[in-house]
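K.L.:
predicted model and sequence below, questions to follow.
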Amino acid sequence: MSDTLITIIAIFLAATLMFLVPLMSVSEKNDKIAQNVWDTAVSEFVDTVSNAGSIKPIDYEALEQKLAATGNTFDITIEVQHLDENPGKKATITSGDLIGENVRYSTFTQEILNYMYNPTTGDTTNYPLKKGDYIIVTVKNTNKTFAQSLRTFAFKVTGQGTYELASSDSSMVVNSGR
């Protein structure tokens, strides 16, 4: 009786391992491929924006299409740190000819999208940047990937509020788009 029970458990474990391990391996590889696609897409978008000196709606839509091609849902966060130059002179005792401090102020995704896609007229326009501004783009997935679902099933690890895929890139704008 005990030999039969051990045989049944061994067959069940072998069948589970025979299907679950390769399935997990393939799904992990799919996540790695999606991660590479996201890294490339975000890097290309940031490079294009920093060289052009403006965020163009067509470039933003191309980024969305490349990210969506992986079959995942995502959240794109864009921050533009504008350089607000203060060319005034500081009055100090040691040196009276020092240039004033540069200050940065940020605009974020929703404000940028509202500028590019005018909701009242439906027109699109480029979001202008100037030389010295910084653009920071972060992308995170909002869905649970198949690999994450399998890990949760196999290891009973819950990852509520975590993301599996993420990509980030930043650059200084080298050309003015105004």
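P.N.:
Structure received.
K.L.:
which residues in the protein form helices?
P.N.:
2-52, 57-68, 109-116, 146-155 (DSSP state H).
K.L.:
could I get those as TSV with mean neighbour count?
P.N.:
To be clear about C-beta, it is placed using only N, CA and C from the backbone, and glycine gets the same treatment. Formatted as TSV, the helices of the chain follow (neighbours: other C-beta atoms under 10 Å):
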stretch	mean neighbour count
helix 2-52	14
helix 57-68	16
helix 109-116	14
helix 146-155	15
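K.L.:
make a markdown table from those helices and add mean pLDDT and distance to residue 135 to it.
P.N.:
Putting the helices of the chain into a markdown table (pLDDT from 0 to 100; distance: least, C-beta to C-beta, whole Å) gives the following:
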| stretch | mean pLDDT | distance to residue 135 |
| --- | --- | --- |
| helix 2-52 | 89 | 5 |
| helix 57-68 | 95 | 11 |
| helix 109-116 | 92 | 10 |
| helix 146-155 | 77 | 30 |
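K.L.:
spatially central, which residue of this protein would that be?
P.N.:
Central residue of the chain (C-alpha atoms, centre = their mean): residue 139, 1.7 Å from the mean position.
K.L.:
identify the residues contacting that one.
P.N.:
Contacts for residue 139 (C-beta atoms under 8 Å, 6 or more residues apart in numbering) come out as 38, 42, 67, 74, 75, 76, 77, 165, 166, 167, 168.
K.L.:
among these, name the buried ones.
P.N.:
38, 42, 67, 74, 76, 165, 166, 167 (16 or more other C-beta atoms under 10 Å).
K.L.:
which one of the contacts of residue 139 is nearest residue 125?
P.N.:
Lowest distance from residue 125 to the contacts of residue 139 (C-beta to C-beta) belongs to residue 76, with 18.7 Å.
K.L.:
returning to what we had before: lowest-confidence entry in the contacts of residue 139?
P.N.:
Within the contacts of residue 139, residue 165 has the lowest pLDDT, namely 83.
K.L.:
that one contacts residue 145, doesn't it?
P.N.:
Yes: using C-beta atoms under 8 Å, residue 165 makes contact with residue 145 at a distance of 7.0 Å.
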